[in-house]
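A.B. asks: below are the sequence and a predicted model; questions follow.
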Protein chains: 6
Amino acid sequence: HENELKTILGPAHGKDKYIGNEFAGVVTGLAWTQVGGDILYIETSLTKGKGKLTLTGSLGDVMKESAVLAHQYLKANAELINVDSSLFDRWDTHVHVPEGATPKDGPSAGITMLTAMASVFTQRKVKKNLAMTGEITLRGAVLPVGGIKEKILAAKRANIKEIILCEQNKKDIDDIKPSYLKGLKFHYVKTMDQVLKIALLKEKVKSPKIID
Amino acid sequence: HENELKTILGPAHGKDKYIGNEFAGVVTGLAWTQVGGDILYIETSLTKGKGKLTLTGSLGDVMKESAVLAHQYLKANAELINVDSSLFDRWDTHVHVPEGATPKDGPSAGITMLTAMASVFTQRKVKKNLAMTGEITLRGAVLPVGGIKEKILAAKRANIKEIILCEQNKKDIDDIKPSYLKGLKFHYVKTMDQVLKIALLKEKVKSPKIID
Amino acid sequence: HENELKTILGPAHGKDKYIGNEFAGVVTGLAWTQVGGDILYIETSLTKGKGKLTLTGSLGDVMKESAVLAHQYLKANAELINVDSSLFDRWDTHVHVPEGATPKDGPSAGITMLTAMASVFTQRKVKKNLAMTGEITLRGAVLPVGGIKEKILAAKRANIKEIILCEQNKKDIDDIKPSYLKGLKFHYVKTMDQVLKIALLKEKVKSPKIID
Amino acid sequence: HENELKTILGPAHGKDKYIGNEFAGVVTGLAWTQVGGDILYIETSLTKGKGKLTLTGSLGDVMKESAVLAHQYLKANAELINVDSSLFDRWDTHVHVPEGATPKDGPSAGITMLTAMASVFTQRKVKKNLAMTGEITLRGAVLPVGGIKEKILAAKRANIKEIILCEQNKKDIDDIKPSYLKGLKFHYVKTMDQVLKIALLKEKVKSPKIID
Amino acid sequence: HENELKTILGPAHGKDKYIGNEFAGVVTGLAWTQVGGDILYIETSLTKGKGKLTLTGSLGDVMKESAVLAHQYLKANAELINVDSSLFDRWDTHVHVPEGATPKDGPSAGITMLTAMASVFTQRKVKKNLAMTGEITLRGAVLPVGGIKEKILAAKRANIKEIILCEQNKKDIDDIKPSYLKGLKFHYVKTMDQVLKIALLKEKVKSPKIID
Amino acid sequence: HENELKTILGPAHGKDKYIGNEFAGVVTGLAWTQVGGDILYIETSLTKGKGKLTLTGSLGDVMKESAVLAHQYLKANAELINVDSSLFDRWDTHVHVPEGATPKDGPSAGITMLTAMASVFTQRKVKKNLAMTGEITLRGAVLPVGGIKEKILAAKRANIKEIILCEQNKKDIDDIKPSYLKGLKFHYVKTMDQVLKIALLKEKVKSPKIID
Ligand SMILES: [Ca+2]
Ligand SMILES: [Ca+2]
Ligand SMILES: [Ca+2]
Ligand SMILES: [Ca+2]
Ligand SMILES: [Ca+2]
Ligand SMILES: [Ca+2]
Ligand SMILES: [Ca+2]
Ligand SMILES: [Ca+2]
Ligand SMILES: [Ca+2]
Ligand SMILES: [Ca+2]
Ligand SMILES: [Ca+2]
Ligand SMILES: [Ca+2]
């Protein structure tokens, strides 16, 4: 009388398509997987609280540390997005990365997490058809990441038009056959504030949440 | 003098039958197991507290994250169910999934958890003979899940009449022999608010608990 | 000079005998072990505090979750035992299951834990010569459990006269040779409030502790 | 340049001798080890605090739970030792079992821990040349333990004159050659309050600490 | 329908170049890896808080303890950097070591962490083209570390001009072919305050953050 | 593009020399390692706080428990060092044992930790050229430890002149060739207060920190 059935309430994987920019706090990143590149979404949401950071989406330790870095950097440099740094203590930040059953790890979603948090705290729109990949640091530098070729191809398939990369990843783009890059515009950056200047529009999302 | 007997106070598994909709906070989900589909219940309960979320029922990490997502989404979008978001800080939410000894995992109970929490905070009835399966996100989208065929057959056996699925799961239904689907009505959704509109009745349960 | 002696301060196992009903918060359960059934005691005790739940007795994760469920269910449904739900926040509850060195697991002590907590919070006596086994849920249903034959034989040996079981376990009793059941009265239940109605006497224990 | 030397600051084991009863909170227990029985000391100490229980001495999980049980039982039954139960919330209790490098486990130090805590909270002396072994429960019963023969021989070697045992361990004493028992007096108990009546003297230790 | 793709958002490693001294709280250390030496950055950042220390960058336990030591030493000896020790309770300190996906461990970044924290709390500039390596203690001594030759070569490649080492590491320098050392100036130290005297300039960084 | 280099920032081991007694809270202990004895330093430091105890230096569980014991014993017996026991709640104590990358374990640093904490709370000097080794208990007894011969030889090499040992370790000294012991004075102790009487001078360190 002890049969242990493991009940699986599992996922159905698939390549994703760009979903638009109507939501504050949702930004498109680029991922490398064993079966090729894909886009992914960094989703953020705020609720009143005491500054807690909640991370879901089967994130590995390095990816969790990226979220901590992004949160801490924005809090320490809140003037970059014209908000009061105390907001970070009065709102809880939740970061989720669909699809929840797929384990994810690595530092390359750093600039995507940074942008998503900047967008949700300001309720400003993210530039349309934009994706990005790059590691972040605590001093504000953007570091290069791997898997560029697969990521770029996936971005194109997903209807992305502009991509932010670390300047040191330019050489990886130069190695890709130019025909593959048609229709894509690249932004090469050195610093995290450059990312925010490119990615965050002045315009707020429709019916913005009041964050104060 | 050291014989270590492991005392087992174990379960007796079986296929479940639909149990009606008299309870607030109890919603029927669909599960895939190694021996076929089954229905399962997401049970939620509120007690006065400080917003803690307690999860029982031998839930795996991905399934626990689904509950965190559902709780956080409703708190950040409390207007969807016409409650004050501060309720989520003044009531502790307990989510249990019977049977307690069966390990369960995966993201597909997401919309079931969302509906269960929406029902318990509003004390509104859930539509009768309804079951559902779908992954949730923080931006409000519903994602497709696997095991659809087995889940549908189990739903029928259990006396379910209506099923909510992600629009991207329609192709899985189209692959099932139509005679198997007789008596079932499908609701294909894209967003989490569509789920709540279909699943939550205006009517409150009998002797609703006062949640304020 | 490094001899590591493991000092064992170990137990002496044995089959237990029913011990009477003089204590509030102590209820007789039924267990299945690799060497046959046995009775066991769920012991509970209250001390002034902040609502903490302490669990001892080498309990496995599923059994710990049973205790959480029982505690949460009673708190959310305190009117069932005519106490104020705030008691659950002002008293710490300790649940112990002797013998402390024997690992125990499984959901079948659920109704025993529920009854023990109900008794300790009300200081009402538990019915004499009564034992029970059944899984609990958050919606108040009692679920069937395994090992019924071994448990019943152990109950009889231990001088138990009445047994509470889930209605769905009646078929297991019907499979037992009737002569084995002589002298035993069975209560088949569907819901957790039925358990409490049968098990909890109106009468308080001698010198009840004041719980307010 | 990476040689990892493990620096060992290790113990020198040996059979212990009874050390007298001058300290409040120090009680002699009996242990079974792979190389025979031994006595051991349960040492307790109080410092002003918030009711925390600290456990040191390489204690295993079952032994730690014994300490939790003893602490909780005394708090819930503070009238047994004529102290106010709130003392348990205003003093931190530290339990240590020398020798610190020897792993120890099992429930049989239960009554020794109970007596040690009762002595430290009352500052009453423990009876001279007394040792004890027995498992405790939350309902106040004392349960039998194993390894009795080895424990008794060790007690004698260590100059113990009186021993408290569970009544159900009497049969183990009856199996020992009477000549081995010469000079030993046995107290067989059923309940934890019997242990305290035998073990705790009215007399306080010299220069008692003021616990209020 | 259960294919578990691990999504990797991975790094692109490379030898680092010295980046200048414009940031408060960023100091250049020296690392030994299986493929030779490298420089690395200890980055620190402050946000208003309660004195929490957050560590990111895939740091091992020994390296985390270095950060705890540095933080505690400066707090206990705040007069060394002319700040009030209560600052350490009113500001949260974040220490990050890029690149985030590379596991790092060992005690040799101790003096680098000390200097980085001293710089961020004072907002004073760190000496230009300076790198350092050395273990720290709680009594203020600097201890020698390994991998000196590889570290020195890496420092030179990275455009470092001055290096702080423990006096006991002088013998390692003496073993290196002098031509390799051309253009490098060495500072041999015994104590942590000597490190700070050499490394921290009087001058503050441009637009210093106000830390009070 | 996924090469995981483990960055090692490692130590350079060596035999230590006695460093003098100028620091409050720093005491010389004796260690046994697989390649012979060595001296080591227990370093302690105080910062204003809430009585937290922080332990660094790659300490194993038994050694961590020694620190807890020493801290708790001094707090419960603060009169031994003429300080108010509330100091232990108003100051955080940090204990570090260099070298940080070397794993250390065992109970024999107990008296060294006790003396280091006593010195840092009183700011009294520790006797010059003194080392010690011995396990501590909660009742104030000192227990014998192993590795005495190796420890003594290391002490002599390191310029130690006096050594505190447990009385029960005298037999280990008696086994050592007398010529090896020339120039060493031994103090055999039974209790922890004897250790403090021998080790702690009346004189305070230069520029003592004010601990109140
Ligand atoms: Ca995808
Ligand atoms: Ca990305
Ligand atoms: Ca089922
Ligand atoms: Ca479902
Ligand atoms: Ca038994
Ligand atoms: Ca039971
Ligand atoms: Ca011993
Ligand atoms: Ca004992
Ligand atoms: Ca590098
Ligand atoms: Ca370094
Ligand atoms: Ca050494
Ligand atoms: Ca020592």
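C.D. replies: Okay, I see it. Ligands and ions are numbered 1, 2, ... in the order given.

A.B. asks: show me what residue of chain A gets nearest to chain E.
C.D. replies: Residue of chain A nearest chain E, by CB to the nearest CB: A:Gly106 (3.4 Å). To be clear about C-beta, it is placed using only N, CA and C from the backbone, and glycine gets the same treatment.

A.B. asks: am I right that that residue is in contact with A:Asp61?
C.D. replies: No - using CB atoms under 8 Å, A:Gly106 is not in contact with A:Asp61; the gap is 10.3 Å.

A.B. asks: those two - which one has more neighbours?
C.D. replies: A:Gly106 (27 against 12; other CB atoms under 10 Å in any protein chain shown).

A.B. asks: what's the spacing between the more buried one and chain F?
C.D. replies: Using CB to the nearest CB, to the nearest Å, one gets 9 Å for the distance from A:Gly106 to chain F.

A.B. asks: specify the beta-bridge partners of A:Asp38.
C.D. replies: A:Asp38 forms beta bridges with A:Ala31, as assigned by DSSP bridges.

A.B. asks: list the residues that contact A:Lys202.
C.D. replies: Neighbour list for A:Lys202: A:Arg124 [criterion: CB atoms under 8 Å, 6 or more residues apart in numbering or on different chains].

A.B. asks: buried stuff in the one helix or strand it maps to?
C.D. replies: A:Lys202 is located in strand A:200-204, with elements delineated by DSSP states H and E. In terms of neighbour count (16 or more other CB atoms under 10 Å in any protein chain shown), strand A:200-204 has its buried residues at A:200-201.

A.B. asks: so what strands line up beside it?
C.D. replies: strand A:124-126 (antiparallel).

A.B. asks: in chain A, what residue spans correspond to helices?
C.D. replies: Ranges of helices in chain A, per DSSP state H, are A:61-76, A:87-90, A:110-122, A:148-157, A:170-174, A:192-199.

A.B. asks: most tightly packed of those?
C.D. replies: The highest mean neighbour count among these, using mean count of other CB atoms under 10 Å in any protein chain shown, belongs to helix A:110-122: a mean of 28.

A.B. asks: how about the contacts made by the residue of chain A found nearest ligand 9?
C.D. replies: Closest residue of chain A to ligand 9, CB to the ion: A:Leu143 (9.4 Å). Listed by CB under 8 Å, 6+ apart, the contact partners of A:Leu143 are A:107, A:134-137, A:166, A:168, E:11-12, E:98-99.

A.B. asks: give me the buried entries from these.
C.D. replies: Using 16+ other CB under 10 Å, the buried members of the contacts of A:Leu143 are A:107, A:134-137, A:166, A:168, E:11-12, E:98-99.

A.B. asks: make JSON lines from those and add distance to D:Asp84 and pLDDT to it.
C.D. replies: Below are the buried ones among the contacts of A:Leu143 laid out as JSON lines (distance: CB to CB, whole Å; pLDDT from 0 to 100):
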{"residue": "A:Pro107", "distance to D:Asp84": "56", "pLDDT": "96"}
{"residue": "A:Gly134", "distance to D:Asp84": "62", "pLDDT": "97"}
{"residue": "A:Glu135", "distance to D:Asp84": "59", "pLDDT": "97"}
{"residue": "A:Ile136", "distance to D:Asp84": "56", "pLDDT": "98"}
{"residue": "A:Thr137", "distance to D:Asp84": "57", "pLDDT": "98"}
{"residue": "A:Cys166", "distance to D:Asp84": "66", "pLDDT": "98"}
{"residue": "A:Gln168", "distance to D:Asp84": "69", "pLDDT": "96"}
{"residue": "E:Pro11", "distance to D:Asp84": "60", "pLDDT": "61"}
{"residue": "E:Ala12", "distance to D:Asp84": "66", "pLDDT": "56"}
{"residue": "E:Pro98", "distance to D:Asp84": "57", "pLDDT": "95"}
{"residue": "E:Glu99", "distance to D:Asp84": "59", "pLDDT": "89"}
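
A.B. asks: now, those residues that are in strands?
C.D. replies: The strands, defined by DSSP state E, take in A:135-136, A:166 from those.

A.B. asks: check those against ligand 3, which are close?
C.D. replies: Taking CB under 5 Å from the ion as the test, ligand 3 is in contact with none of these.

A.B. asks: of those, closest to E:Ile176?
C.D. replies: A:Glu135 (33.3 Å; CB to CB).

A.B. asks: does that closest one touch A:Thr112 like I think?
C.D. replies: No - using CB under 8 Å, A:Glu135 is not in contact with A:Thr112, being 10.7 Å away.
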